[in-house]
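Q: Take this sequence and fold it.
(one chain, ligands or ions: 1)
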Amino acid sequence: MIHDALNIRRLTYADLPQIITVERRAFPTPWSLAMFVLELSKTSGVCLAAMRGETLLGYLICSRYDTVWHIMNIAVDPAHRRAGIATALIEGLIERIDDAAARYTLEVRESNVGAIALYERYDFRKAGRRRRYYQDNGEDAVIMWRTPSTLVGRWDDVPNPAPAR
Ligand code: COA
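A: You can find the predicted model right below:
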């Protein structure tokens, strides 16, 4: 059987049923349909699908607040992990934003070592935490930033950098 190549493209409202299926497989406390609709309605954001043929294998939701890009959500279907799909989504995002001065940030559960390793590969660096950010289990969020400075091992344009103890 010949497999379709992975295709990274913009998410549309027509993808919502498949997004919800992957979201429920990926997270203990999944986003609601309304949260995805809200993010997709923001014209300034970048929301990407990783498609193989007509099947959605993963997605990334990124919103712009002022000059900062917030990665709000990224998930890959559990049956298709460690195959470079999240990598392709992050590269697709950086390519589409296409701005060497762009600053990116995100929050991630401190126990999510896989996601943290993925972000570190793309020069996101830990810069503080939000205590008990996740209401389902009271876990802290680690705040990560990727900026022109973190790309060269510096911190001068990272807001309030603090050790993520
Ligand atoms: N453990 C350790 N490292 C991991 C990892 C894991 N579970 N998942 C990814 N990585 C790191 C590795 O360095 C990996 O490279 P390698 O496979 O060559 O070792 C690299 O990231 C790239 O991984 P990739 O295959 O592109 O990631 P993925 O498509 O499997 O997706 C997630 C990664 C985190 C999006 C996926 O595991 C997922 O959907 N998790 C549940 C949802 C979630 O936690 N999202 C992040 C919320 S902030």
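
Q: okay, and for the chain, where does confidence drop off?
A: By pLDDT under 70, the low-scoring segments of the chain are 1-2, 162-165.

Q: What parts of it come near the ligand?
A: 26-27, 74-76, 81-87, 108, 112-115, 117-118, 121 (C-beta under 6 Å from any ligand atom). Where you see a C-beta, it was placed from the backbone N, CA and C, and this is true even at glycine.

Q: redo that, cut-off 8 Å
A: 22, 26-27, 58, 71, 73-78, 80-90, 106-109, 112-115, 117-119, 121 (C-beta under 8 Å from any ligand atom).

Q: At which residues are the strands of the protein located?
A: Applying DSSP state E to the chain gives strands spanning 6-10, 46-52, 55-65, 68-76, 103-109, 125-130, 141-146.

Q: so which of the ones you listed is the most packed in?
A: strand 141-146 (a mean of 23; mean count of other C-beta atoms under 10 Å).

Q: so what does that strand touch, helix or strand wise?
A: strand 103-109, helix 113-121, strand 125-130 (3 or more C-beta pairs under 8 Å, 6 or more residues apart in numbering; DSSP states H and E).

Q: and Trp69, what are its bridge partners?
A: Arg64, Tyr104 (DSSP bridges).

Q: thinking again about what came up before, and the residues of the chain next to the ligand, which of them are buried?
A: Buried members of those, counted by 16 or more other C-beta atoms under 10 Å: 22, 26, 58, 71, 73-77, 80, 85-86, 88-90, 106-109, 115, 118-119.
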